[in-house]
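Asker: Got a predicted model here, sequence first, then my questions.
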Amino acid sequence: MRLWRCVSLRQLAPGLLCAASRRHVRSVSRCVPVFRCVPVCPGVPVVMAEEAKKLAACAAVDNHVQNNQVVGVGSGSTIVYAVDRLAERVRQEKLNIVCVPTSFQARQLILQHGLTLSDLDRHPELDVAIDGADEVDADLTLIKGGGGCLTQEKIVAGCAKHFVVIADFRKDSKALGQQWKKGVPIEVIPMAYIPVSRTIARRFGGEANLRMAVSKAGPVVTDNSNFILDWKFEHAQNWKEVNTAIKMIPGVVETGLFVGMAERAYFGMEDGSVQVRDPPVN
């Protein structure tokens with residue numbers, strides 16, 4: 001059985017939206033329809049993707065961040081709203097929060113908001129990590145790494161007691177590949193990218209292409225000075241087995257498949273609601 005819950009938020013002025021999200025998200029805990037979403041407030045106008053990201057980010061921060069915690073801060077566009085909300089709560093509630101980033105972008109966001117910056121050397125165990133995703137399937141298997149930070153993101157998520165995902169409605173899929181068409185990112189040692197790409201194509205089908213940079217000549221280079229392959233697979237796979245098999249190929253650093261890691265996903269929806277998904281109950 002899969003638990004899908006929907007939280008409907010009232011139409012609020014942008015400045016008040018996050019402040020109210022915790023109250024509305026928690027108030028819906030008594031109503032958990034399966035595979036159904038019934039808005040509390042009918043007639044909520046459609047919100048754009050950015051507003052949907054904000055809704056999901058605020059709901060996750062309000063429900064999972066508490067005083068005296070160490071928080072893993074993910075990367076990407078949705079995380080910007082999560083850090084905004086986190087900083088707002090720290091100011092308003094005088095919270096003692098330590099933040100561990102997953103990327104240079106996350107580090108800069110933490111510093112810009114005046115939050116306490118740390119790392120895994122000083123805080124190897126995190127209370128919660130909050131991050132975005134490129135796609136989330138019905139089992140909470142994720143594709144991550146569209147921004148190139150998959151290795152650090154997986155390390156931080158693996159160090160957290162709780163890993164929570166935030167996304168907008170465009171990232172929600174029944175199966176991987178339905179919404180995200182750019183493939184599974186795979187971080188590789190530069191000298192190995194051709195052998196790795198050929199091995200992946202031969203063993204699993206599809207094609208694995210070197211990701212090229214947009215504003216510079218040559219390939220994308222990660223924060224770890226590695227390259228990224230984007231594997232465009234042809235059909236659904238046993239993602240747990242494939243993830244393990246790809247990681248065993250010499251030269252592979254990490255994959256953008258996050259299998260069995262997320263314990264909850266928050267989706268900001270087009271109608272102004274926040275849908276909450278938990279992993280399947282076996």
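Answerer: Thanks, I have it. Owing to the predicted nature of the structure, the values given are computational and were not obtained by experimental measurement.
Asker: quick one: low-confidence parts of the stretch 101-250 of the chain?
Answerer: Along the stretch 101-250 of the chain, no part satisfies pLDDT under 70.
Asker: Run through the strands of it in chain order.
Answerer: Assigned by DSSP state E, counting those that start in this stretch, the strands in the stretch 101-250 of the chain fall at 116-117, 126-131, 135-136, 142-143, 160-168, 184-188, 207-210, 227-232.
Asker: Redo the ones you listed as JSON lines? Include mean neighbour count.
Answerer: Every residue, glycine included, has its C-beta placed from N, CA and C. What follows is these, written out as JSON lines (neighbours: other CB atoms under 10 Å):
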{"stretch": "strand 116-117", "mean neighbour count": "14"}
{"stretch": "strand 126-131", "mean neighbour count": "25"}
{"stretch": "strand 135-136", "mean neighbour count": "25"}
{"stretch": "strand 142-143", "mean neighbour count": "28"}
{"stretch": "strand 160-168", "mean neighbour count": "23"}
{"stretch": "strand 184-188", "mean neighbour count": "27"}
{"stretch": "strand 207-210", "mean neighbour count": "18"}
{"stretch": "strand 227-232", "mean neighbour count": "23"}
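Asker: closest one to Glu51 among these?
Answerer: Closest to Glu51 of the strands of the stretch 101-250 of the chain is strand 160-168 (CB to CB; 8.6 Å).
Asker: so what's Asn96 up against?
Answerer: 67-68 (CB atoms under 8 Å, 6 or more residues apart in numbering).
Asker: I figured Lys182 hits Trp231, correct?
Answerer: No: checked against CB atoms under 8 Å, the pair Lys182 and Trp231 is beyond contact range at 9.7 Å.
Asker: what's the closest non-adjacent residue to Val73?
Answerer: Ala106 (4.6 Å; CB to CB, 6 or more residues apart in numbering).
Asker: what about that neighbour, distance to Leu115?
Answerer: 11 Å (CB to CB, to the nearest Å).
Asker: Those two - which one has more neighbours?
Answerer: Ala106 (27 against 20; other CB atoms under 10 Å).
Asker: Enumerate every residue touching that one.
Answerer: Contacts of Ala106 (CB under 8 Å, 6+ apart): 73-75, 79, 83, 149.
Asker: and the residue nearest to Val73, how far is that from Gly72?
Answerer: Taking CB to CB, one finds Ala106 at 9 Å from Gly72.
Asker: Equivalent analysis for Lys174, please.
Answerer: For Lys174, the distance to Gly72 - CB to CB - is 28 Å.
Asker: more crowded one of those two?
Answerer: More neighbours surround Gly72 than the other of Lys174 and Gly72, with 28 against 9 (other CB under 10 Å).
Asker: Now Asp131. Nearest residue, chain neighbours left out?
Answerer: Gly74 (2.6 Å).
Asker: Just confirm that neighbour contacts Leu126, I think it does.
Answerer: No: between Gly74 and Leu126 no contact is recorded; they are 11.5 Å apart, counting by CB under 8 Å.
Asker: which residues are common contacts for the two?
Answerer: Val156.
Asker: Helices of this structure, start to end?
Answerer: Under the criterion DSSP state H, the chain contains helices at 14-27, 49-64, 77-93, 104-112, 150-158, 193-204, 239-247.
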